[in-house]
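K.L.:
after the sequence you'll find the predicted model.
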Amino acid sequence: MESGILAMTARAESFELLLARHQATVLRTAQRLLGCREDAEDAAQEVFLRLHRHWTSIRLEDGVSSWLYRTTLNVCFDALRKRRPTVDVELEQAVEPDQFRALEQDERRALLSRALLKLPEKERAAVVLREIEGLETREVAAILGSSEETVRSQVSTGRARLKRILEGGRP
Amino acid sequence: MSWTDDDLNSALAEWKAEEAEPDAAFERRVLAAVAPRRPWWQWAWAPALAAGLAVWAVIPAERPVERPPLLARAPSAPSPNVMNAGCFARPLHDCRGSWRAASRDSHGAATRAPRVTFAGADAAPATEFVRLITDDPDVVILWALNTEGDGK
């Protein structure tokens, strides 16, 4: 009985530590994938609820970061599928690099976020994880469950598509 | 003017360098959401206890019946001393001789208190005879008891 209480206490403390350590990353990734702070908070909360629910079955030796990234992607894509009809945003007009640099930081971020939302899910995930989060190709491949070659291809295709979107063309 | 890889890299680099600040409000929100909640079956004891108390209050307990105090003990039936059981099968006047003989046999002492003898315990329950033996061997008192009705 006492050992059970101790285990529960230790588990709760570990969860709080993990939450404190990873919440910023999860929130940031969710916001980059969803383009909206409120939606990102909802998604990040769902990620940590799942972490808490499956706490005993998660293999931490694999790295909780990978699990968190993978779950964040799944939760965010689920949310995007539910709201897809209302998020089919179009860029108002083509944005040239000079114009882009002249924009305020918030505007630049919003513009990139909208351009990212036009990418297919896998490409968006690969670009966000590899190009923005800065993960290694190997880590991205492990998170997405694909090969490194596939990840490289998705990143390359995603970047090209992103440039076309910013230039005002069709993705 | 089209976007080059460098343009895109610089745009993404700015976003990449952006550090997200820990959000205490978000942390509190998550901790509140994962706060342990008792599943429904862990609250089942409450209505069960309430129902038990209600039953206990409404239905009176079955109390053990106290035995009344023993005021008197019923006398045990006297052992019948049948002097001459065979005479009860015959008419009364035919038994006189045997009574007398029995009376003479039992007159060893000069003076004796009257002795009450229950006879005919096995006889018909309607009439019982009690024979009283006196000091005079020629005097025998027979007492017929009616065991039915108020005569007893």
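P.N.:
Nice, I can see it.
K.L.:
residues from chain A in reach of chain B?
P.N.:
A:15-16, A:19-20, A:23-25, A:27-28, A:31-32, A:41, A:44-45, A:48-49, A:52, A:96-98, A:100-101, A:105, A:108-109, A:112, A:131-134, A:159, A:162-163, A:166-167 (CB under 8 Å from any CB of the partner chain). All C-beta spots, glycine's among them, are computed from the backbone N, C-alpha and C.
K.L.:
among those residues, which ones are in helices?
P.N.:
A:15-16, A:19-20, A:23-25, A:27-28, A:31-32, A:41, A:44-45, A:48-49, A:52, A:97-98, A:100-101, A:105, A:108-109, A:112, A:159, A:162-163, A:166 (DSSP state H).
K.L.:
can you flag the buried ones in those?
P.N.:
A:15, A:19, A:23-25, A:27-28, A:31-32, A:41, A:44-45, A:48, A:52, A:97, A:100, A:108-109, A:112, A:159, A:162-163, A:166 (16 or more other CB atoms under 10 Å in any protein chain shown).
K.L.:
mind listing what A:Arg70 touches?
P.N.:
Applying CB atoms under 8 Å, 6 or more residues apart in numbering or on different chains to A:Arg70 gives the contacts A:143-145.
K.L.:
quick check: mean pLDDT of whichever strand or helix holds A:Gln154?
P.N.:
For A:Gln154, the host element (DSSP states H and E) is helix A:148-166. For helix A:148-166, mean pLDDT is 91.
K.L.:
most centrally placed residue in chain A?
P.N.:
A:Thr29 (3.6 Å; CA atoms, centre = their mean).
K.L.:
and the residue nearest to that residue when sequence neighbours are not counted, how far is that from A:Gln154?
P.N.:
Residue nearest to A:Thr29 in three dimensions, not counting chain neighbours: A:Thr72, with 5.1 Å by CB to CB, 6 or more residues apart in numbering or on different chains. Using CB to CB, to the nearest Å, A:Thr72 is found at 17 Å from A:Gln154.
K.L.:
got it, and A:Glu133?
P.N.:
Taking CB to CB, one finds A:Glu133 at 14 Å from A:Gln154.
K.L.:
between those two, who's got more neighbours?
P.N.:
Higher neighbour count among A:Glu133 and A:Gln154: A:Gln154, with 24 against 18, using other CB atoms under 10 Å in any protein chain shown.
K.L.:
what helices or strands is the helix or strand bottoming out on mean pLDDT in chain A leaning on?
P.N.:
Among the helical and strand segments of chain A, the one scoring lowest on mean pLDDT, DSSP states H and E is helix A:97-102, with a mean of 74. If contacts are counted by 3 or more CB pairs under 8 Å, 6 or more residues apart in numbering or on different chains; DSSP states H and E, helix A:97-102 sits against helix A:105-117, helix B:5-17.
K.L.:
for B:Arg73, which of these is the nearest?
P.N.:
Ranking the helices and strands packed on helix A:97-102 by their distance to B:Arg73 (criterion: CB to CB) puts helix A:105-117 first, at 105.0 Å.
K.L.:
in chain B, which spans are strands?
P.N.:
B:115-119, B:127-133, B:140-146 (DSSP state E).
K.L.:
give me whichever of these is most buried.
P.N.:
strand B:127-133 (a mean of 17; mean count of other CB atoms under 10 Å in any protein chain shown).
K.L.:
got the angle between that strand and strand B:140-146?
P.N.:
160 degrees (axes from the mean of the first three to the mean of the last three CA atoms, to 10 degrees).
K.L.:
tell me the average confidence for strand B:127-133?
P.N.:
80.
K.L.:
thought the residue nearest to A:Thr29 was touching A:Glu46?
P.N.:
No. Contact criterion CB atoms under 8 Å: A:Thr72 and A:Glu46 do not qualify, at 9.2 Å.
K.L.:
what about these two, which has more around it?
P.N.:
Each of A:Thr72 and A:Glu46 has its neighbours counted (other CB under 10 Å); A:Thr72 has more, 31 against 20.
K.L.:
what does chain B put close to chain A?
P.N.:
B:1-5, B:7-8, B:10-12, B:14-16, B:18-23, B:26-27, B:29-31, B:33-34.
K.L.:
mind giving me the PyMOL command for buried ones among those?
P.N.:
Only the buried entries of those go into this PyMOL selection, using 16+ other CB under 10 Å:
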select buried, chain B and resi 3+7+8+11+12+15+23+26+27+29+30+34
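K.L.:
since that was my last question, I'll sign off now.
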